[in-house]
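Novice: how would this look folded up:
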Amino acid sequence: MNIRDAQPDELEGWDARTVEAPGGHVYQSRAWAAHRERSGWQPRFLVDDAGGRALALTRRWPLVGGGSAYVPRGPGPVGDATGAEALAARLIAIGDTLAADGIDVVAADPEVPDAATGFRQAIEAAGFHPIEEIQPSRHRISLPLAERTEDDVFAGISKSTRQRIRKAEDTVEFVARYDARVGPDGPGPGFETLDERPEAALDRFYDILLQTGERLHFTFGPREPFVAWWRAALEAGHLVYLEAWGMRGLPIAGLILYRHGGRLSTVHSGDDPEERNETPGAMHLLRWRAIQLAIREGHSEMDLGGVDVAGARSEPQEGDPLYGLFQHKQSFGGQWLALTGAHERVFDPRGYKIGRLAGRAARLVSR
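Specialist: Residues are numbered from 1 along each chain as shown. Purely as a prediction, here's the structure:
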């Protein structure tokens with residue numbers, strides 16, 4: 001398989017092939033490439049001779065030459081088992097191409113189901129080996145939606161969660177939808193739009209996210225790059241932000257979603273701890289509104305996000321820190337979907353070792 005850089009006309013329809021196609025991902029988008037370029041990565045838009053597309057991010061080691069590459073949630077969409085085998089061949093060819101350009105190590109983490117025939121075996125036979133995840137989760141909770149109505153899906157939600165949703169519909173004043181794809185007919189039943197800049201709402205959500213992280217022992221990076229990316233993804237139509245407002249006239253919970261690959265994906269969620277007791281079902285309502293939106297847009301899956309235990313990356317068990325969140329997502333009818341996970345291939349072990357040392361030294365100097 002031959003790999004080359006995309007021509008200008010091929011970039012025009014890039015997102016349609018890498019993001020919106022079944023199995024695509026926002027991290028293969030032009031918006032993500034531009035965002036990462038601002039922090040020092042160099043995007044490579046790659047095309048194979050079968051028409052496949054993949055975004056690779058490269059970074060040169062300081063002073064010593066060589067470099068590393070990451071194919072974020074790629075290389076490209078994957079469907080059935082045959083697609084998984086083609087994806088493996090594409091990843092192997094991309095690695096060889098980047099290595100020929102002086103890259104010492106290539107990492108990738110396509111969201112390939114672990115049961116997909118041939119993918120893991122093919123890439124590991126070519127020299128890729130498993131690594132710890134680059135993104136927060138390896139696996140996800142998946143809610144199938146194909147050919148299901150809202151009533152069908154709601155009936156499959158646990159009784160206690162249905163009760164919380166119904167109660168929250170009385171105690172939550174409204175759910176605001178921030179979405180570049182809201183049409184002239186409005187945001188749809190169950191949603192409202194507010195006359196304010198989306199970045200103001202996203203900035204508010206960052207504060208809620210910090211509070212949630214402190215409670216659940218998560219950490220987040222600086223505000224500016226987080227909010228800048230959310231804003232860029234929203235403007236590109238890849239991101240939806242849902243915000244629940246309480247009876248006191250203040251936002252109490254938020255949910256960020258990616259629209260890609262025939263699904264809506266949960267990215268971040270959080271609520272105000274002080275409002276939790278008064279509106280305990282706010283997050284339940286937001287997740288239900290997200291599911292309704294996914295059904296109305298014709299998506300085949302609601303991705304409820306990952307809850308796997310770091311390190312082991314296993315399904316949470318009672319007593320694990322994320323077991324409560326796991327149960328919460330399962331209560332919507334979600335199913336544990338095991339994915340292959342992140343892999344990397346080291347082409348030049350010596351260059352990789354020297355490059356990592358050079359990078360570490362450069363960071364220490366910059367501090």
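Novice: what is the burial count for residue 94?
Specialist: 25 (other Cβ atoms under 10 Å). Heads up, the C-betas are built off the backbone N, CA and C, glycines and all.
Novice: return the residues in contact with the spatially most central residue of the chain.
Specialist: In the chain, the C-alpha closest to the average C-alpha coordinate belongs to residue 267, at a distance of 5.6 Å (Cα atoms, centre = their mean). With contacts defined as Cβ atoms under 8 Å, 6 or more residues apart in numbering, residue 267 is in contact with 239, 256, 257, 258, 305.
Novice: domain ranges for this structure?
Specialist: 3-136+340-366, 140-337 (automatic domain parsing).
Novice: JSON lines for those, including mean pLDDT?
Specialist: Compiled in JSON lines, the domains of the chain are given as follows (pLDDT from 0 to 100):
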{"stretch": "domain 3-136+340-366", "mean pLDDT": "92"}
{"stretch": "domain 140-337", "mean pLDDT": "93"}
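Novice: number of residues surrounding the spatially closest residue to residue 112 that is not a sequence neighbour?
Specialist: In space, residue 112 comes closest to residue 340 once its chain neighbours are excluded; the distance is 4.5 Å by Cβ to Cβ, 6 or more residues apart in numbering. The number of residues packed near residue 340 is 23, by other Cβ under 10 Å.
Novice: thought residue 340 was touching residue 113?
Specialist: Yes: using Cβ atoms under 8 Å, residue 340 is in contact with residue 113, at 7.4 Å.
Novice: just to revisit the earlier point, want to throw the contacts of residue 267 into a markdown table with secondary structure, distance to residue 290 and neighbour count?
Specialist: Supplementary listing: the contacts of residue 267 in a markdown table, determined by DSSP: H, G, I helix; E, B strand; the rest coil; distance: Cβ to Cβ, whole Å; neighbours: other Cβ atoms under 10 Å:
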| residue | secondary structure | distance to residue 290 | neighbour count |
| --- | --- | --- | --- |
| 239 | strand | 12 | 25 |
| 256 | strand | 10 | 23 |
| 257 | strand | 6 | 26 |
| 258 | strand | 11 | 20 |
| 305 | coil | 11 | 21 |
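Novice: so which of these would you say is closest to residue 59?
Specialist: For residue 59, the nearest member of those is residue 258. The distance, counting by Cβ to Cβ, is 23.9 Å.
Novice: what sits against the closest one?
Specialist: By Cβ under 8 Å, 6+ apart, the residues touching residue 258 are 25, 26, 233, 238, 239, 240, 264, 265, 267.
Novice: among those, which two are most distant?
Specialist: The largest distance within the contacts of residue 258, taken as Cβ to Cβ, falls between 25 and 240 and amounts to 15.4 Å.
Novice: residue 135 - that's part of a strand, no?
Specialist: No: following the definition DSSP: H, G, I helix; E, B strand; the rest coil, residue 135 is coil and is not counted among the residues of a strand.
Novice: give me the three-state assignment for residue 328.
Specialist: Three states are possible here, and by three-state DSSP the one that applies to residue 328 is helix.
Novice: around it, how many other residues sit close by?
Specialist: With neighbours defined by other Cβ under 10 Å, the count for residue 328 comes to 21.
Novice: quick one, helices of the protein?
Specialist: Per DSSP state H, the chain has helices spanning 8-12, 14-18, 30-37, 81-100, 119-125, 150-155, 159-171, 198-216, 223-235, 282-296, 323-330, 349-366. These are given in chain order.
Novice: pick the most buried one from these.
Specialist: Most buried of the helices of the chain by mean neighbour count (mean count of other Cβ atoms under 10 Å) is helix 282-296; its value is a mean of 23.
Novice: just the angle between it and helix 159-171, please?
Specialist: 100 degrees (axes from the mean of the first three to the mean of the last three Cα atoms, to 10 degrees).
Novice: tell me what helix 282-296 is packed against?
Specialist: For helix 282-296, the elements it packs on are helix 150-155, helix 159-171, strand 172-178, strand 239-246, strand 251-260, strand 263-271, strand 301-303, helix 323-330, judged by 3 or more Cβ pairs under 8 Å, 6 or more residues apart in numbering; DSSP states H and E.
Novice: residue 178 versus residue 339, what's the distance?
Specialist: Counting by Cβ to Cβ, to the nearest Å, the gap from residue 339 to residue 178 is 29 Å.
Novice: wait, I meant residue 51
Specialist: Plainly put, residue 51 is 34 Å away from residue 178 if you go by Cβ to Cβ.
Novice: please apply the same query to residue 11.
Specialist: Taken as Cβ to Cβ, the span from residue 11 to residue 178 is 27 Å.
Novice: ok, residue 232 next?
Specialist: Residue 232 sits at a distance of 14 Å from residue 178 (criterion: Cβ to Cβ).
Novice: now residue 287
Specialist: 17 Å.
Novice: now swap in residue 115 and tell me
Specialist: Taking Cβ to Cβ as the criterion, residue 115 is separated from residue 178 by 36 Å.
Novice: higher neighbour count, the two?
Specialist: residue 178 (26 against 12).
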